[in-house]
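Participant: I'd like to go over a predicted model; first the sequence, then the structure.
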Amino acid sequence: MRLSSDVTNRLTASGIRLTRQREEVLAVLMQKRDHPTAVEVFIRSKKHMPTISLATVYNCLDALVASGLVKQVNLDRAPTRYCANLLDHSHFFCEECGAVHDIETPVHQPWTLPAGYLVKQAEVTFRGRCPACINKNLSNL
C-alpha cells in the first residue's frame, strides 16, 4: 500500500523520515481500523515484513503519534490502542467484547468550562455494550 503525498509531507514537516517500517505500521492501521494494540500491529506487520521487531513497531507508533498521523486511545489500565482516523470523533468501548468503535460527535459541542481554561485537546469515551453484544444476549434469552 503506497501512502499519499499528504502523509509523506506530514511526516517530513514533523521532522520524521518515512521508513519502510513506518509505512508498514501505518498501512496496518489504515487497512483495518479496529484500534489495535502495539502487539496486534506487530503481529499484522510480521505478515508483510517478517524481520520487523516489536521494539521497531513501538518506535514507529511513537513517531506516527508525534507526527499527528495516529492517535493513542487509552482506556483505563488496558494496553494503549492506536487509531488512524484523524477526523474529530470519540470512541465507544464495549465492556463485553472489548471492541473499540469510532463514534461521530459534533465538533462544536457546547462545553461549559471555568473561566481561564484553554482546551488544547478533548477526548470523550463512551462505555457500554455494542449492538452485536446486545443482539447476541437477546438471542440467548
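Facilitator: Perfect, I can see it now. What you are looking at is a predicted structure, and each value in this text was computed from that prediction instead of being measured. Numbering: from 1, shown residues only.

Participant: which residues does residue 34 contact?
Facilitator: 99-100 (Cβ atoms under 8 Å, 6 or more residues apart in numbering). Quick note: C-beta positions are derived from backbone N, CA and C, even for glycine.

Participant: So what does the residue positioned nearest the centre of the chain have for phi and psi?
Facilitator: The centroid of the chain falls nearest to residue 83 when counting by Cα atoms, centre = their mean (1.2 Å). The phi/psi pair for residue 83 (degrees, to the nearest 10) reads phi -130, psi 130.

Participant: tell me the contacts of it?
Facilitator: 29, 33, 35, 70-73, 91, 100, 102.

Participant: Give me the buried subset of those residues.
Facilitator: Neighbour counting with 16 or more other Cβ atoms under 10 Å marks 29, 35, 70-71, 73, 91, 100, 102 as buried within the contacts of residue 83.

Participant: Next step: those residues restricted to helices.
Facilitator: Secondary structure defined by DSSP state H assigns residue 29 of those to helices.

Participant: Nearest to residue 112 among the buried ones among the contacts of residue 83?
Facilitator: Nearest to residue 112 among these: residue 91, at 22.6 Å, using Cβ to Cβ.

Participant: Show me what the helix or strand of the chain with the lowest mean pLDDT is packed up against.
Facilitator: Taking mean pLDDT, DSSP states H and E as the measure, helix 5-13 is the helix or strand of the chain with the lowest mean score, a mean of 77. Counting contacts by 3 or more Cβ pairs under 8 Å, 6 or more residues apart in numbering; DSSP states H and E, helix 5-13 is packed against helix 54-67.

Participant: counting contacts, what elements does the helix it packs on pack onto?
Facilitator: Partner elements for helix 54-67 (3+ Cβ pairs under 8 Å, 6+ apart): helix 5-13, helix 20-31, helix 38-48, strand 81-83.

Participant: got a markdown table for the ones you listed, with distance to residue 118 too?
Facilitator: Converted to a markdown table, the helices and strands packed on helix 54-67 look like this (distance: least, Cβ to Cβ, whole Å):
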| stretch | distance to residue 118 |
| --- | --- |
| helix 5-13 | 24 |
| helix 20-31 | 30 |
| helix 38-48 | 31 |
| strand 81-83 | 24 |
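
Participant: So, low pLDDT: which residues of the protein?
Facilitator: For the chain, the stretches flagged by pLDDT under 70 are 1-4, 107-109, 141.

Participant: Perfect, I'm done here.
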